[in-house]
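*Asks:* Sequence plus the predicted model coming up.
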Amino acid sequence: QVTLVETGGGSVQAGGSQRLSCTASGGSFGTYWMGWFRQSPGKERDFVAGIGWLSGSSHYGDSVKGRFIISRDYGKATVYLQMNSLEAEDTGVYYCAARRGGAHTSPDAYTTWGQGTQVTVSA
């Protein structure tokens with residue numbers, strides 16, 4: 001069974017940068033698509049970015065295009081989310097998720113989730 005653990009959350013000032021990590025264990029991830037989601041209080045869980053383990057192809061939500069970069073280190077079984085030019089609206093709990101198959105932006109399509117890590121951006 002695949003397990004995901006996110007690290008790297010915390011507080012940062014607007015305009016700053018932060019990097020999140022998601023380390024996977026317990027399975028073979030070659031056919032997986034990995035996603036990052038964000039959930040703010042009272043809001044739905046929104047797609048932020050995703051990447052294919054083998055292909056390395058990526059996809060971004062509109063609100064983070066040009067600011068966030070997703071990458072993966074296959075040997076370390078870790079997916080990264082580099083967040084730049086952070087805005088107050090980026091505040092929320094960030095979740096790493098996995099699904100078998102290709103890219104998908106709906107959280108309902110993902111079968112495995114990490115525990116989440118809080119990111120707070122102050123103006």
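*Replies:* In hand now; what should we look at?

*Asks:* what about the residue nearest to A109 when sequence neighbours are not counted, is that helix, strand or coil?
*Replies:* Using Cβ to Cβ, 6 or more residues apart in numbering and skipping the chain neighbours, the partner closest in space to A109 is R99 (5.5 Å). C-beta here means a position set from N, CA and C on the backbone, and glycine is covered the same way. The three-state assignment at R99 reads strand, by DSSP: H, G, I helix; E, B strand; the rest coil.

*Asks:* which residues touch R99?
*Replies:* Neighbouring residues of R99 by Cβ atoms under 8 Å, 6 or more residues apart in numbering: 32-33, 35, 109-112.

*Asks:* Throw the residues you listed into CSV and include distance to G42, thanks.
*Replies:* CSV is the format used below for the contacts of R99 (distance: Cβ to Cβ, whole Å):
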residue, distance to G42
Y32, 30
W33, 28
G35, 22
A109, 23
Y110, 21
T111, 26
T112, 25
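
*Asks:* Report the beta-bridge partner residues of the closest residue to T112 other than its chain neighbours.
*Replies:* Excluding the flanking residues, the one nearest T112 by Cβ to Cβ, 6+ apart is A98, at 4.4 Å. Per DSSP bridges, the residues bridged to A98 are M34, T112.

*Asks:* if we can go back for a sec, I'd like the contacts of R99 written out as JSON lines, with distance to A14, pLDDT and neighbour count added.
*Replies:* JSON lines is the format used below for the contacts of R99 (distance: Cβ to Cβ, whole Å; pLDDT from 0 to 100; neighbours: other Cβ atoms under 10 Å):
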{"residue": "Y32", "distance to A14": "33", "pLDDT": "91", "neighbour count": "23"}
{"residue": "W33", "distance to A14": "31", "pLDDT": "96", "neighbour count": "23"}
{"residue": "G35", "distance to A14": "25", "pLDDT": "98", "neighbour count": "28"}
{"residue": "A109", "distance to A14": "32", "pLDDT": "97", "neighbour count": "16"}
{"residue": "Y110", "distance to A14": "29", "pLDDT": "97", "neighbour count": "22"}
{"residue": "T111", "distance to A14": "34", "pLDDT": "95", "neighbour count": "11"}
{"residue": "T112", "distance to A14": "32", "pLDDT": "96", "neighbour count": "18"}
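
*Asks:* Against V93, how distant is the residue minimising distance to the centre of the chain?
*Replies:* By Cα atoms, centre = their mean, the chain has its centre lying nearest to W36, at 2.2 Å. Using Cβ to Cβ, to the nearest Å, W36 is found at 11 Å from V93.

*Asks:* No more questions from me, cheers.
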